[in-house]
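Asker: missing the sequence, but the structure's below:
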């Protein structure tokens, strides 16, 4: 079967690989759609970040070259031995976290903070940029009737955004700033609207993405190339916002997000970073501000799919291109680098 495999930075190849077979406790899925994630783009531009090179990942037991793709859904075609709570024909969204189950975080139910954390399609395994995938049965969530397969491919990134709002200090009625209106930033905007934000200020250089942020619930959209981003946030929300969400991975933006918060405000770092970032610690110390990070999600997929059924996180408002696997580099990865009007690109399985 065909699969898009990471060999190195700017070296993703569509090539033939063996079709996987499920072992005990595993499930085989005919992939439907897979989204290209910002994390995938980081691996394309500057990897390896999550991709194991040289040594196998301790949980996937895999290393580069690996089949990419972790935002995906499909239909079950085969069950491995011992799988009894799923059926052939079930439509499923994949929660692609590798977790050991035995470290302190896992024992505490915070499996996204596992000491050996990995992701199918980033840390090895049978990723979604392929015709078929095999994963442990525990990673699968049945999709409700009426939820399209395109929606299924958005469950994973929507889970990132909803979890970010959940673990932040945000409370209903608070004001928030979102720095970056890529797919995750836009989904954070929707999650904040669900959570009852009184004001949502989005800082984003792309005119297309600013317009989309306003469509999805932002109350103010700021072009940081045309005005001072921090001053604009403070003007819209006097004194500063209660919570700022950093969703760019751009070093200079981290300091802006911190400066945009009020005293005792919080900056939640959602991005995965390619480089280091710096800020003046006194900006935190003198206002008793907080900085917190978040990774992935936990125990949130069912809520995401329920919200999708209520009309949130809709594919028709977020997906800007649909492509085939053969075109994934030119029309997918390279397009996301060159065309800032692109938001979410979905890849259809062969």
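Answerer: Arrived safely. Every value quoted in this text rests on a predicted model; they were computed, and no experiment measured them.
Asker: where exactly do the helices run in the stretch 151-300 of the chain?
Answerer: 183-195, 207-216, 229-236, 251-259, 282-285 (DSSP state H, counting those that start in this stretch).
Asker: Reformat these as JSON lines; add distance to residue 322.
Answerer: For the C-beta atoms, the positions are set from N, CA and C on the backbone; glycine is no exception. Shown next, in JSON lines, are those (distance: least, CB to CB, whole Å):
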{"stretch": "helix 183-195", "distance to residue 322": "14"}
{"stretch": "helix 207-216", "distance to residue 322": "17"}
{"stretch": "helix 229-236", "distance to residue 322": "33"}
{"stretch": "helix 251-259", "distance to residue 322": "30"}
{"stretch": "helix 282-285", "distance to residue 322": "43"}
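Asker: Can you list the low-confidence ranges for the stretch 151-300 of the chain?
Answerer: The model of the stretch 151-300 of the chain has no residue with pLDDT under 70.
Asker: Okay, strands next: where are they in it?
Answerer: 175-179, 199-203, 220-222, 241-246, 261-269, 290-293 (DSSP state E, counting those that start in this stretch).
Asker: and the ones you listed, which is most packed in?
Answerer: Compared across the strands of the stretch 151-300 of the chain, strand 175-179 shows the largest average neighbour count, a mean of 31 (mean count of other CB atoms under 10 Å).
Asker: could you give the angle of it to strand 241-246?
Answerer: 20 degrees (axes from the mean of the first three to the mean of the last three CA atoms, to 10 degrees).
Asker: Strand 175-179 pairs with which strands, parallel or anti?
Answerer: strand 199-203 (parallel), strand 241-246 (parallel) (DSSP bridges).
Asker: Centre of the chain to the first one, how far?
Answerer: Average the C-alpha atoms of strand 199-203, do the same for its chain, and the two points are 20 Å apart (CA atoms, centre = their mean, to the nearest Å).
Asker: Tell me what angle that strand forms with helix 183-195.
Answerer: Going by the same axes, to 10 degrees, strand 199-203 makes 170 degrees with helix 183-195.
Asker: now the angle between helix 229-236 and strand 199-203, please.
Answerer: Between strand 199-203 and helix 229-236, the angle comes out at 160 degrees (the same axes, to 10 degrees).
Asker: So which residues make contact with strand 199-203?
Answerer: 175-181, 185, 189, 192-193, 210, 213-214, 217-222, 224, 229, 232-233, 236-237, 241, 253, 256, 260 (CB atoms under 8 Å, 6 or more residues apart in numbering).
Asker: The longest one now?
Answerer: Outside strand 241-246, the residues that touch it by CB under 8 Å, 6+ apart are 164, 168-171, 174-180, 185, 188, 199, 201, 233, 253-254, 257-258, 260-262, 265-271.
Asker: same thing but 6 Å
Answerer: When contacts are defined by CB atoms under 6 Å, 6 or more residues apart in numbering, strand 241-246 is touched by residues 168-170, 174-179, 188, 254, 257, 260-261, 265-271.
Asker: for stretch 117-137, same thing?
Answerer: Residues from elsewhere that reach stretch 117-137 (CB under 6 Å, 6+ apart): 1, 3-4, 19-20, 22, 25-31, 34, 50, 57, 59-60, 62, 66-70, 72, 83, 86, 96, 98, 349-350.
Asker: Next, the buried residues of stretch 312-326.
Answerer: 312-313, 315, 317-321, 323, 325 (16 or more other CB atoms under 10 Å).
Asker: my bad, should have said stretch 101-111
Answerer: 103, 105-106, 111.
Asker: would you turn the residues you listed into TSV with distance to residue 41 and pLDDT?
Answerer: Shown next, in TSV, are the buried residues of stretch 101-111 (distance: CB to CB, whole Å; pLDDT from 0 to 100):
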residue	distance to residue 41	pLDDT
103	29	98
105	27	98
106	29	98
111	25	98
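Asker: So which of the helices of the stretch 151-300 of the chain is nearest residue 343?
Answerer: helix 183-195 (5.7 Å; CB to CB).
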